[in-house]
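Sequence isn't available, so here's the structure alone:
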(Lines give C-alpha, C1' and ligand atoms only; values in the text may rest on other atoms or scores of the structure.)
Protein backbone atom coordinates (compact mmCIF):
# COMPACT_ATOMS: atom_id res chain seq x y z
CA UNK A 1 0.00 0.00 0.00
CA UNK A 2 1.61 3.24 -1.15
CA UNK A 3 1.29 6.77 0.04
CA UNK A 4 -1.53 8.92 -1.26
CA UNK A 5 -0.19 11.42 -3.75
CA UNK A 6 -1.05 14.99 -2.81
CA UNK A 7 -1.23 16.50 -6.34
CA UNK A 8 -3.06 13.52 -7.83
CA UNK A 9 -5.59 12.64 -5.13
CA UNK A 10 -5.88 15.13 -2.31
CA UNK A 11 -5.82 18.38 -4.30
CA UNK A 12 -8.55 17.36 -6.80
CA UNK A 13 -10.68 16.02 -3.95
CA UNK A 14 -10.28 19.28 -2.04
CA UNK A 15 -11.12 21.42 -5.08
CA UNK A 16 -14.12 19.22 -5.88
CA UNK A 17 -15.40 19.57 -2.33
CA UNK A 18 -15.01 23.35 -2.58
CA UNK A 19 -17.00 23.45 -5.83
CA UNK A 20 -19.79 21.30 -4.41
CA UNK A 21 -20.00 23.30 -1.19
CA UNK A 22 -20.09 26.60 -3.11
CA UNK A 23 -22.86 25.27 -5.34
CA UNK A 24 -24.99 24.30 -2.34
CA UNK A 25 -24.23 27.60 -0.59
CA UNK A 26 -25.25 29.58 -3.68
CA UNK A 27 -28.46 27.62 -4.11
CA UNK A 28 -29.49 28.06 -0.49
CA UNK A 29 -28.31 31.64 0.04
CA UNK A 30 -28.82 33.46 -3.26
CA UNK A 31 -31.41 31.44 -5.14
CA UNK A 32 -33.55 30.73 -2.03
CA UNK A 33 -34.37 27.09 -2.87
CA UNK A 34 -35.63 26.58 0.69
CA UNK A 35 -37.83 29.68 0.57
CA UNK A 36 -37.45 32.96 2.38
CA UNK A 37 -36.98 36.53 1.32
CA UNK A 38 -34.27 39.16 1.40
CA UNK A 39 -34.90 41.83 4.08
CA UNK A 40 -35.81 45.30 2.83
CA UNK A 41 -32.84 46.71 4.74
CA UNK A 42 -30.50 44.92 2.33
CA UNK A 43 -32.42 45.56 -0.89
CA UNK A 44 -33.30 49.24 -0.42
CA UNK A 45 -31.27 52.34 0.29
CA UNK A 46 -33.86 54.33 2.24
CA UNK A 47 -32.96 52.48 5.44
CA UNK A 48 -29.26 53.26 4.98
CA UNK A 49 -29.96 56.95 4.34
CA UNK A 50 -32.13 57.21 7.45
CA UNK A 51 -29.52 55.43 9.56
CA UNK A 52 -26.80 57.81 8.37
CA UNK A 53 -29.05 60.79 9.10
CA UNK A 54 -29.66 59.47 12.62
CA UNK A 55 -25.94 58.92 13.23
CA UNK A 56 -25.17 62.47 12.05
CA UNK A 57 -27.73 63.89 14.50
CA UNK A 58 -26.54 61.80 17.45
CA UNK A 59 -25.99 64.08 20.46
CA UNK A 60 -22.47 64.27 21.83
CA UNK A 61 -21.56 64.82 25.46
CA UNK A 62 -18.33 66.57 26.49
CA UNK A 63 -16.70 66.32 23.08
CA UNK A 64 -16.82 67.74 19.60
CA UNK A 65 -18.47 66.04 16.63
CA UNK A 66 -16.98 62.70 15.67
CA UNK A 67 -17.69 60.16 12.98
CA UNK A 68 -19.85 57.35 14.35
CA UNK A 69 -18.57 54.81 11.83
CA UNK A 70 -15.21 56.10 10.54
CA UNK A 71 -14.14 53.00 8.63
CA UNK A 72 -17.10 52.87 6.24
CA UNK A 73 -17.56 56.65 6.12
CA UNK A 74 -14.06 57.86 5.31
CA UNK A 75 -15.17 60.79 3.16
CA UNK A 76 -16.93 62.35 6.15
CA UNK A 77 -16.15 66.05 6.68
CA UNK A 78 -18.00 68.03 9.29
CA UNK A 79 -17.19 71.46 10.69
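Perfect, thanks for sending it. It should be emphasised that the depicted structure is a prediction, and the values quoted were computed from it without experimental measurement. Numbering: from 1, shown residues only.

tell me what the helix-or-strand element of the chain with minimal mean pLDDT is packed against?
Each helix and strand of the chain was given a mean pLDDT (mean pLDDT, DSSP states H and E); the minimum falls on helix 40-43 at a mean of 80. Judged by 3 or more Cβ pairs under 8 Å, 6 or more residues apart in numbering; DSSP states H and E, helix 40-43 is in contact with helix 46-56. Where C-beta positions appear, they are placed from N, C-alpha and C, glycine not excepted.

I'd like to know which elements the helix it packs on is packed against.
In terms of contacts (3+ Cβ pairs under 8 Å, 6+ apart), helix 46-56 is packed against helix 40-43.

ok, residues contacting the helix it packs on?
Applying Cβ atoms under 8 Å, 6 or more residues apart in numbering, the contact partners of helix 40-43 are 47, 48.

how far out from the middle of the chain is that helix?
Chain-centre distance of helix 40-43: 13 Å, with Cα atoms, centre = their mean, to the nearest Å.

What of stretch 39-59?
Relative to its parent chain, stretch 39-59 has a centroid offset of 17 Å by Cα atoms, centre = their mean.

how's this protein carved up into domains?
1-35, 37-79 (automatic domain parsing).

rank the ones you listed by pLDDT, which is bottom?
Lowest mean pLDDT within those: domain 37-79, a mean of 74.
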